[in-house]
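> just a sequence and a predicted model for now, questions to come.
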Amino acid sequence: MTDFKHPELLLLLLPLIGLLAGLASIQRGRRFSAAPVPSQFPARETLRSRLFRHVPLWTRAAALLLLALALARPQKAAKGEVPPAEGIDIMLTLDTSYSMAAEDFAPFNRLEAAKTAASNFVKKRQNDRIGVTVFGGNALLSCPLTLDYQSVLELLDAAYLNMTRADGTAIGDAIITAVNHLKDSKAKSKVIVLLTDGRSNVGLVTDLPLAARTAAAHDIKIYTIGTAGKGPARISTGNPMQPVITIEEDLDEPTLREIAGLTGGEFYRAKNYAELEKIYSRIDSLEKTKFDVKTYTSYTDLYLWFLAPALALLALLYVLERTYFRTVP
């Protein structure tokens with residue numbers, strides 16, 4: 001959008017346009033009313049005389065018009081929004097133990113369903129730092145808190161079964177690992193999204209309520225997601241001698257519910273992929289950065305587009321009047 005910083009100066013154009021209209025009218029009247037002068041050698045108007053009669057007047061007029069527009073200070077305005085200085089820090093904490101290979105989240109197994117739903121969650125975020133912690137028999141940081149969502153998505157996609165190279169499910173270690181990377185954050189809100197299909201059975205931290213209270217002491221909220229269908233589930237082994245094994249449901253729902261409650265979060269149970277997607281959408285709606293949108297307007301001056309040609313016209317006229325249009329007394 002183009003605007004003028006000093007639009008009142010455009011009023012200078014009114015007398016200038018009136019003056020030009022008057023001069024043009026006088027000039028046209030002289031041309032048609034002039035009586036021919038008898039002469040043995042009638043004068044012929046040359047190109048130079050015609051240019052001399054019109055060019056100086058209209059060149060000065062064009063230069064004055066451009067100068068008036070330049071004085072009015074034309075500007076191009078661009079509006080934008082200022083993002084919030086602080087958002088939410090979210091640590092996605094993902095179980096990669098062997099049981100996550102169970103195929104009750106068609107068309108995925110539990111791990112692939114969790115990765116896909118978490119990736120869709122990341123794609124909806126703005127201005128929030130996101131990190132990834134993975135765990136099995138122990139826990140490790142896969143991706144530190146970052147605004148580089150593409151890196152988060154790539155590291156989520158790279159997660160694989162038993163990637164911690166330790167058997168079991170160390171939920172307590174996973175919580176403390178995530179807390180250690182969130183506790184010093186200055187974000188307005190700090191969140192752990194903990195996803196598992198089992199119960200804590202190994203690890204250094206065996207007191208899960210204590211781990212939850214540690215998170216709460218650092219103002220960290222934990223949302224727990226249990227990903228397991230009801231009843232036994234099948235796992236493909238790739239072994240032709242025993243292509244499929246069956247595992248029993250082992251989700252520790254009461255403890256996951258307690259962990260969430262101690263930190264002000266919520267527990268969710270997903271028995272299929274559609275439910276898992278809805279859970280992440282629910283968490284996405286609960287944990288939104290609330291801020292007043294601040295807009296700004298930046299201006300780019302355009303007066304040089306008028307000033308430069310005005311000066312060029314005046315310079316050209318100065319040269320012409322001392323060369324081509326020069327008259328000798």
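Right, received. Where do you want to start? Numbering: from 1, shown residues only.
> so which residue is smack in the middle of this structure?
Most central in the chain under Cα atoms, centre = their mean is residue 126, positioned 7.1 Å from the mean C-alpha point.
> could you measure from it over to residue 87?
Distance of residue 126 to residue 87, computed by Cβ to Cβ, to the nearest Å: 8 Å. (Each C-beta comes from the backbone N, C-alpha and C, glycine too.)
> and what of residue 259?
24 Å.
> between those two, which one's more packed in?
Neighbours were counted for residue 259 and for residue 87 using other Cβ atoms under 10 Å; residue 259 has more, 28 against 21.
> separation between the more buried one and residue 227?
15 Å.
> what helix or strand is residue 152 located in?
According to DSSP states H and E, residue 152 maps onto helix 149-158.
> please point out which parts of that helix sit buried.
149, 152, 153, 155, 156 (16 or more other Cβ atoms under 10 Å).
> one more: stretch 178-194?
178-179, 181-182, 185, 187-194.
> narrow those residues to those in strands?
Here DSSP state E is the test, and the buried residues of stretch 178-194 give 189, 190, 191, 192, 193, 194 as lying in strands.
> was I right to think the first one contacts residue 218?
This means residue 189. No: at 11.9 Å, residue 189 does not count as touching residue 218 under the criterion of Cβ atoms under 8 Å.
> all strands of this structure, in order?
2-4, 74-82, 88-95, 129-135, 139-146, 189-196, 220-227, 233-236, 244-247, 267-270, 294-301.
> returning to what we had before: including distance to residue 237, could the buried residues of helix 149-158 go into TSV?
Shown next, in TSV, are the buried residues of helix 149-158 (distance: Cβ to Cβ, whole Å):
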residue	distance to residue 237
149	35
152	31
153	29
155	27
156	25
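> mind putting these into CSV with pLDDT and distance to residue 69?
Listed next are the buried residues of helix 149-158 as CSV, based on pLDDT from 0 to 100; distance: Cβ to Cβ, whole Å:
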residue, pLDDT, distance to residue 69
149, 96, 46
152, 97, 51
153, 97, 51
155, 96, 56
156, 96, 56
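> what sits against residue 187?
86, 87, 88, 89, 129 (Cβ atoms under 8 Å, 6 or more residues apart in numbering).
> run a quick neighbour tally on the last one.
The burial count assigned to residue 129 is 22, neighbours taken as other Cβ under 10 Å.
> my guess is it meets residue 147, correct?
Yes: the criterion here is Cβ under 8 Å, and residue 129 meets it with residue 147 at 5.7 Å.
> what is in contact with the two at once?
Common contact partners of residue 129 and residue 147 (Cβ under 8 Å, 6+ apart): none.
> OK, contacts around residue 142?
Each residue near residue 142 by Cβ under 8 Å, 6+ apart is listed here: 132, 133, 134, 155, 159.
> make TSV out of the residues you listed and add distance to residue 243.
Putting these into TSV (distance: Cβ to Cβ, whole Å) gives the following:
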residue	distance to residue 243
132	32
133	33
134	27
155	31
159	24
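> tell me the one of these nearest residue 204?
residue 133 (15.0 Å; Cβ to Cβ).
> state the distance from that closest one to residue 155.
Look at residue 133 and residue 155: by Cβ to Cβ, they are 11 Å apart.
> go on, residue 126?
Residue 126 is 19 Å from residue 155, by Cβ to Cβ.
> pLDDT weak spots in this structure?
Along the chain, segments meeting pLDDT under 70 span 1, 20, 23-54, 80-86, 289-294, 325-329.
> mind listing the helices for it?
13-33, 47-71, 110-123, 149-158, 171-180, 208-217, 253-263, 273-286, 304-321 (DSSP state H).
> quick one: closest of those to residue 140.
Checking the helices of the chain against residue 140 by Cβ to Cβ gives helix 171-180 as the closest, at 7.1 Å.
> just the residues contacting the closest one, thanks.
Applying Cβ under 8 Å, 6+ apart, the external contacts of helix 171-180 come out as 91, 93, 95, 131, 133, 135, 138-141, 192, 194, 196, 199-200, 203-208, 211-212, 214-215, 218, 220, 222, 255, 259.
> check stretch 213-220 too.
By Cβ under 8 Å, 6+ apart, stretch 213-220 touches 175-176, 178-179, 182-183, 190-192, 221-222, 262-264.
> mind doing that once more with 10 Å?
Applying Cβ atoms under 10 Å, 6 or more residues apart in numbering, the contact partners of stretch 213-220 are 89, 91, 172, 175-176, 178-180, 182-185, 187-192, 194, 205, 207, 212, 221-222, 259, 262-265.
> and this structure, split by domain according to the record?
Listed domain ranges for the chain are 6-32+44-74+302-321, 88-286 (source: automatic domain parsing).
> winner for burial among those domains?
Stretch with highest mean neighbour count among the domains of the chain: domain 88-286 (a mean of 19; mean count of other Cβ atoms under 10 Å).
> from the middle of its chain, how far away would it be?
Centre-to-centre, domain 88-286 and its host chain are 27 Å apart (Cα atoms, centre = their mean, to the nearest Å).
> re earlier: farthest pair in the buried residues of stretch 178-194?
Based on Cβ to Cβ, the longest span within those runs between 188 and 194 and measures 20.6 Å.
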